[in-house]
Structure formats: C-alpha cells, structure tokens
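Peer 1: 3D model of this:
(one chain, ligands or ions: 1)
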Amino acid sequence: MYSATTEIHFAYGHRLLDYVGKCAHPHGHNARVEVEVESEQLDIAGMALDFTVLKHGLQDWVDAHLDHQMILRHDDPLVPILQNMNEPIYIMERNPTAETLASLLYEIAQQQGFSVAMVRFWESPTSYATYRPTLVSANGSQAGDTGRRPPRMIGPETREEH
Ligand SMILES: [Zn+2]
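Peer 2: Numbering: from 1, shown residues only. Here you go, the predicted model:
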C-alpha cells in the first residue's frame, strides 16, 4: 500500500456553541490540513497521487468556501446578522471544530474522486484532530461510503485553543 500526503492552508474564523470558555467567542485560526491518499498501485508515472491535482481540487474548494470566512453552526444567532451585513460565512450542521472540519474536508476530497485515507486538521501549531473512516465492520466488509460516521479522533483533544 502506498500513501501520499499533501497540505493545504487557509485562514478562517469560527466560534463554538454549547461550549463554555473562550472558544465560545468569535476568533480565528490559520489552518494547516494534511490530506493522505492511499493506493495499492502506482500509476504509469509511478505516483500514488498527483499532488497537483489534489491540491488544485481541494485548495480551490477551500479558497471558494472556507478561506477568510466565518464558519458557523447553522443555528448560530450570528448567521442572520452576518448574512444581512453581506459578510462571507460558511454554515455547518455541527459545531465548526477541528474534528468536524477534518470530516468535512474528507467528504469534499472523496466527492472529488480521491481515495482519501485520512485528513488531519491542524487548528494551531500544537493541536490537531484527525478524521479517518472506519475501515472494517464486524462482518468484515468495507464500511459504506454513504453513511455518515462519527469521526474518530486521534491526537490532542484539548479544547483550549479552539
Ligand atoms: Zn477556534
């Protein structure tokens, strides 16, 4: 099995609802996102992944939807206020944590046709969350790609830097 990893970067703002602490207030991060792609075989060029294709596909989507945007949960009272001010926002079903953003970028890369093994979302230089799909179910079959699965977290789980 080969794997290849590329990185994308962007800046965003967010805040967390149902959370007590400074992360409940609007603030920003510079995100670094590692996207790992797996392949059993190499292509004719000897690559598991053409970095350029993934970077362009995912970075273009991020630039259009997340970069320098306020990322908010759908029921955040700031949503209608910022919309009325014509400010750029991105609305998520769940709280915009490093975990759910990792899961979101996994879904987007999958939709773009990449065989993604893992997305690691660095919210700060010292804290990240990882999303990877559950690989094998109890009966030995591959986990379905259609169902949404709860993210599996690896790495520091501190909320201090949210
Ligand atoms: Zn934060």
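Peer 1: show me what counts as buried in the helix or strand bottoming out on mean pLDDT in the chain.
Peer 2: None of the helices or strands of the chain scores lower by mean pLDDT, DSSP states H and E than helix 51-65, at a mean of 91. Residues of helix 51-65 classed as buried under the neighbour-count rule (16 or more other C-beta atoms under 10 Å) are 54, 57-59, 61-62. Where you see a C-beta, it was placed from the backbone N, CA and C, and this is true even at glycine.
Peer 1: any stretches of the chain with poor pLDDT?
Peer 2: For the chain, applying pLDDT under 70 flags the ranges 135-162.
Peer 1: flag every buried residue along the helix or strand in which residue 30 is found.
Peer 2: Assigned by DSSP states H and E, residue 30 belongs to strand 27-39. Buried residues in strand 27-39, counting neighbours by 16+ other C-beta under 10 Å, are found at 29, 31-37, 39.
Peer 1: repeat that for stretch 105-114.
Peer 2: In stretch 105-114, counting by 16+ other C-beta under 10 Å, buried: 105-106, 108-109, 114.
Peer 1: got the contact list for the residue sitting nearest the centre point of the chain?
Peer 2: With distances taken as C-alpha atoms, centre = their mean, residue 102 lies nearest the centre of the chain, 2.5 Å away. Listed by C-beta atoms under 8 Å, 6 or more residues apart in numbering, the contact set of residue 102 reads 33, 119-121, 129-131, 151.
Peer 1: same thing but 6 Å
Peer 2: Neighbouring residues of residue 102 by C-beta atoms under 6 Å, 6 or more residues apart in numbering: 119, 121, 129, 131.
Peer 1: quick one: it from residue 123, how far?
Peer 2: 10 Å (C-beta to C-beta, to the nearest Å).
Peer 1: can you tell me the element residue 13 falls in?
Peer 2: Using DSSP H and E, residue 13 falls in strand 2-14.
Peer 1: so residue 8 touches residue 33, yeah?
Peer 2: Yes - proximity of residue 8 to residue 33 meets the contact threshold set by C-beta atoms under 6 Å, at 5.0 Å.
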